[in-house]
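>>> Sequence unavailable; structure follows:
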Ligand code: SAM
């Protein structure tokens, strides 16, 4: 059962998944594919591909090496808070919660049908403490309940980096990390990243390119976690009103 995931987690994180974690990943696979028949959550449904391109890809955020944490000063995710913007079918948040059951996870999506499914899946997995929010990142970023509250903020396949940065950095507390998992050529996307990070109170880190265990070794499959550390509070004007970050991305 889930051999690719087991082997990949060993290789990627040096971690041996226990039976409870494996049972939860198996159930997640079954729930995801069953819900996907009724509402479009993912184009990837094949057993092997889900293990690599959803589960392992999500778990890569747990690697302190891939996050570029300074040696000996790894920023522990196991007991931290993490907000996942545009979670869709739950990626990357839910696999990280399966890995770290004490993670304080908030899943956000602007589509109510998707957050409804995320509530159901979280419940099936036995997670009564996952917070699921139906809303837009731009609104959460300006609400006192969520702004500057999280150790980690992330979003996968939601928007180009400057847009995602405006969604996520206001949600990070000072000292926290905004992690954008990306793949392929990022030259254009990251053109103004240093300046945009600075504008939002963050500083980019150097992080390595990597390939997922078991993934096809095409150059387009080279991945990187684009990691920004929050070094000071985000100016109150960010995030701008709904729709503006994607219409007129910061540069
Ligand atoms: N993160 C998931 C994954 O990697 O499989 C889903 C990616 S899906 C392509 C993008 C999701 O982001 C959609 O479910 C969409 O509703 C949500 N989304 C886009 N913009 C958003 C925003 N500003 N606030 C909240 N959710 C947003």
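It's in. Predicted model only: the values in this text are computed from it and were never measured.
>>> Please report phi then psi for residue 133.
phi -120, psi 130 (degrees, to the nearest 10).
>>> Excluding covalently adjacent residues, which one is nearest to it?
Nearest residue to residue 133 in three dimensions, chain neighbours excluded: residue 108, at 4.7 Å (Cβ to Cβ, 6 or more residues apart in numbering). No exception for glycine: its C-beta is placed from N, CA and C like everyone else's.
>>> Then the one you found would be within a strand, right?
Yes - counting by DSSP: H, G, I helix; E, B strand; the rest coil, residue 108 is part of a strand.
>>> and it, what does it touch?
83, 84, 85, 86, 87, 115, 132, 133, 134, 135, 137, 140 (Cβ atoms under 8 Å, 6 or more residues apart in numbering).
>>> Please apply the same query to residue 214.
Residue 214 neighbours (Cβ under 8 Å, 6+ apart): 4, 7, 8, 48, 51, 52, 56.
>>> Check whether the second one really touches residue 213, as I assumed.
Yes - the criterion here is Cβ atoms under 8 Å, and residue 7 meets it with residue 213 at 6.5 Å.
>>> Return the residues in contact with the spatially closest residue to residue 125 that is not a sequence neighbour.
Leaving aside its sequence neighbours, residue 125 sits nearest to residue 24 (Cβ to Cβ, 6+ apart; 5.3 Å). Counting by Cβ under 8 Å, 6+ apart, residue 24 touches 98, 125, 126.
>>> So the first one: helix, strand or coil?
Read that as residue 98. Assignment for residue 98 (three-state DSSP): helix.
>>> Shouldn't residue 59 be within a helix?
Yes - judged by three-state DSSP, residue 59 forms part of a helix.
>>> Show me what the helix or strand in which residue 203 is found is packed against.
Using DSSP states H and E, the element containing residue 203 is strand 202-204. Secondary-structure packing of strand 202-204 (3 or more Cβ pairs under 8 Å, 6 or more residues apart in numbering; DSSP states H and E): helix 193-199, strand 223-230.
>>> buried set for it?
202, 204 (16 or more other Cβ atoms under 10 Å).
>>> Sheet partners, orientation included, of it?
Using DSSP bridges, strand 202-204 pairs in its sheet with strand 223-230 (antiparallel).
>>> How far away from the center of its chain is the strand it pairs with?
11 Å (Cα atoms, centre = their mean, to the nearest Å).
>>> quick one: it near the ligand?
No - Strand 223-230 stays clear of the ligand (Cβ under 6 Å from any ligand atom), getting no nearer than 12.7 Å.
>>> Give me the contact list for that strand.
Under Cβ under 8 Å, 6+ apart, the answer for strand 223-230 is 57, 60-61, 66-68, 161, 165, 169, 172-183, 186, 190, 193, 197, 201-205, 207-212.
>>> Write a ChimeraX command that selects only the buried members of those.
A single ChimeraX command selects the buried members of these (16+ other Cβ under 10 Å):
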select :57,60,61,66,67,68,161,165,169,172,173,176,177,178,179,180,181,182,183,186,190,193,197,201,202,204,205,207,210,212
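>>> So which residues of the stretch 101-250 of the chain form strands?
Using DSSP state E, counting those that start in this stretch, the strands of the stretch 101-250 of the chain run over 104-109, 131-134, 150-154, 172-183, 202-204, 209-210, 223-230.
>>> in this structure, which helix has the most residues?
Longest helix of the chain, by residue count under DSSP state H: helix 19-36.
>>> any idea which helix or strand comes after that one?
helix 47-49.
>>> How about that following helix, which residues are buried there?
Neighbour-count burial for helix 47-49, counted by 16+ other Cβ under 10 Å, picks out residue 49.
>>> For the ligand, tell me whether that helix is touching it.
No - Helix 47-49 lies apart from the ligand when judged by Cβ under 6 Å from any ligand atom; the minimum separation is 12.4 Å.
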